Each structure stands twice: as C-alpha cells, then as structure tokens.
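1. Have a look; sequence and predicted model below, questions after that.
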Amino acid sequence: MADWARYWRADSAPVEAMHAHFTTHVYHRHSHESYSFGVTETGRQAFACRGARHVSGPGQIMAFNPDDPHDGHAGDEGGFTYRMIHIWPGYYASILDGPPALPLFREPVIDDPALARALLRLHAALTGGAPELVRAERLIQAAAILDRHGSRGSRADGRA
C-alpha cells in the first residue's frame with residue numbers, strides 16, 4: 001500500500017487532526033508546539049522519544065508533550081495506519097479542571113482502550129463535519145481520560 005496522509009484543521013479552535021498510512025515514510029527527529037495524541041490503527045509505529053525506543057501497536061496511544069522531540073517509522077514491512085490529534089497547550093488548559101499547570105505525559109505509549117475509543121470518537125467528530133458542540137463535548141471527554149494519565153507539573157506551558 002502506498003503512503004498517504006490527510007490533514008484537517010479546525011476553524012474555531014487550535015486543534016488539528018491527521019489520518020495517515022506509512023510504509024516507507026520516515027519522520028526525522030522533530031517536535032510540535034502542541035500536545036499530540038495518536039491512536040495506532042494497524043501495524044506498528046516505532047519511534048525514539050525521551051531517551052528510549054518505543055513501539056505503538058494497534059489500539060495503543062502515542063502521547064507527546066509540547067516540544068517533545070521524537071522521530072517515527074514503520075515497525076514492520078506492512079507499515080502502520082494511525083490517527084493523530086494536535087491540541088495547542090493554552091486551549092487544552094482551558095478545558096481541564098483543576099490546577100493551572102498543564103499535564104505532562106511520562107509514558108509516550110499508553111495502553112488504555114477507553115482512551116483510544118475517546119480519541120477515535122474525537123477524531124471522527126473533528127474530521128467528519130460534526131457540529132461544534134459535538135466536537136467540544138468529545139474533546140472534553142477525551143481530555144478527562146487523558147488527565148488520568150498525565151501528571152500536573154509546575155510548568156504552566158506543559159513542556160517537559
């Protein structure tokens with residue numbers, strides 16, 4: 001299967017989404033200003049992040065903090081398909097309850113089926129033309145589950 005990627009950007013909020021399949025494409029070391037949460041649908045995505053090598057398989061979540069350097073490539077010959085959501089830190093902070101410090105995600109791979117479902121539902125709402133209220137509700141639902149996996153640090157900008 002050839003490599004492909006589709007991108008989507010919200011008009012009303014600093015949120016972006018991507019759906020992609022890669023077999024030969026390699027992401028060189030880079031980072032994002034945003035939080036980046038991805039769900040691997042098929043195959044295995046291998047990447048280096050926070051000083052270690054990681055693999056995300058089907059149903060697992062990749063969680064990158066803002067400015068978290070990482071790379072990425074297919075972990076096997078069949079490639080991988082995944083959905084990614086980028087949420088800018090200030091906007092993410094506005095939907096969280098609790099202290100003003102943003103969460104930091106210690107583990108770049110999370111195995112949580114409820115979180116994977118919530119992120120996939122959010123992705124579908126973002127890319128499928130759902131009304132803004134539905135997108136906001138699904139973002140709040142996903143953030144509530146994500147918040148269980150993050151630890152609130154002392155830095156309000158969310159950087160590791």
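-> Noted; the coordinates are in hand.
2. what residue is smack in the middle of the protein?
-> residue 37 (0.9 Å; Cα atoms, centre = their mean).
3. Which strand residues bridge that one?
-> Residue 37 has these beta-bridge partners by DSSP bridges: residue 63, residue 85.
4. is it true that it touches residue 84?
-> Yes - using Cβ atoms under 8 Å, residue 37 makes contact with residue 84 at a distance of 7.1 Å. Any C-beta I mention is one placed from the backbone N, CA and C, and that applies to glycine too.
5. if we can go back for a sec, dump the residue contacts of the residue nearest to the centre of the chain.
-> 61, 62, 63, 64, 84, 85, 87, 119, 142, 146 (Cβ atoms under 8 Å, 6 or more residues apart in numbering).
6. for this protein, what spans make up the helices?
-> 89-95, 113-127, 132-149 (DSSP state H).
7. shaky segments in the chain?
-> 98-100, 152-160 (pLDDT under 70).
8. returning to that earlier point: can the contacts of residue 37 go into CSV with extra columns for distance to residue 24 and neighbour count?
-> Below are the contacts of residue 37 laid out as CSV (distance: Cβ to Cβ, whole Å; neighbours: other Cβ atoms under 10 Å):
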residue, distance to residue 24, neighbour count
61, 24, 25
62, 20, 23
63, 25, 24
64, 22, 23
84, 18, 21
85, 24, 23
87, 29, 25
119, 26, 25
142, 31, 24
146, 31, 23
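9. Tell me which two of those residues sit farthest apart.
-> 64 and 142 (15.1 Å; Cβ to Cβ).
10. still on that earlier bit, put together JSON lines for the helices of the chain, with distance to residue 18 on each row.
-> Putting those into JSON lines (distance: least, Cβ to Cβ, whole Å) gives the following:
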{"stretch": "helix 89-95", "distance to residue 18": "17"}
{"stretch": "helix 113-127", "distance to residue 18": "9"}
{"stretch": "helix 132-149", "distance to residue 18": "16"}
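11. Just name the most buried of those helices.
-> Across the helices of the chain, averaging neighbours per residue (mean count of other Cβ atoms under 10 Å) puts helix 113-127 on top, at a mean of 19.
12. could you check the angle helix 132-149 makes with that one?
-> 150 degrees (axes from the mean of the first three to the mean of the last three Cα atoms, to 10 degrees).
13. got the CA coordinates for helix 113-127 in PDB?
-> What follows is helix 113-127 as a C-alpha-only set of coordinates in PDB (Å, rounded to 0.1, in the frame of the first residue of the first chain):
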ATOM      1  CA  PRO A 113      -8.900   1.000  25.300                       C
ATOM      2  CA  ALA A 114     -11.300   3.700  26.800                       C
ATOM      3  CA  LEU A 115      -8.900   6.400  25.900                       C
ATOM      4  CA  ALA A 116      -8.300   5.000  22.400                       C
ATOM      5  CA  ARG A 117     -12.100   5.000  21.800                       C
ATOM      6  CA  ALA A 118     -12.500   8.500  23.100                       C
ATOM      7  CA  LEU A 119      -9.700   9.800  20.800                       C
ATOM      8  CA  LEU A 120     -11.100   8.000  17.800                       C
ATOM      9  CA  ARG A 121     -14.600   9.500  18.500                       C
ATOM     10  CA  LEU A 122     -13.000  12.900  18.800                       C
ATOM     11  CA  HIS A 123     -11.100  12.400  15.600                       C
ATOM     12  CA  ALA A 124     -14.300  11.300  13.800                       C
ATOM     13  CA  ALA A 125     -16.100  14.400  15.100                       C
ATOM     14  CA  LEU A 126     -13.300  16.700  14.000                       C
ATOM     15  CA  THR A 127     -12.800  15.300  10.500                       C
END
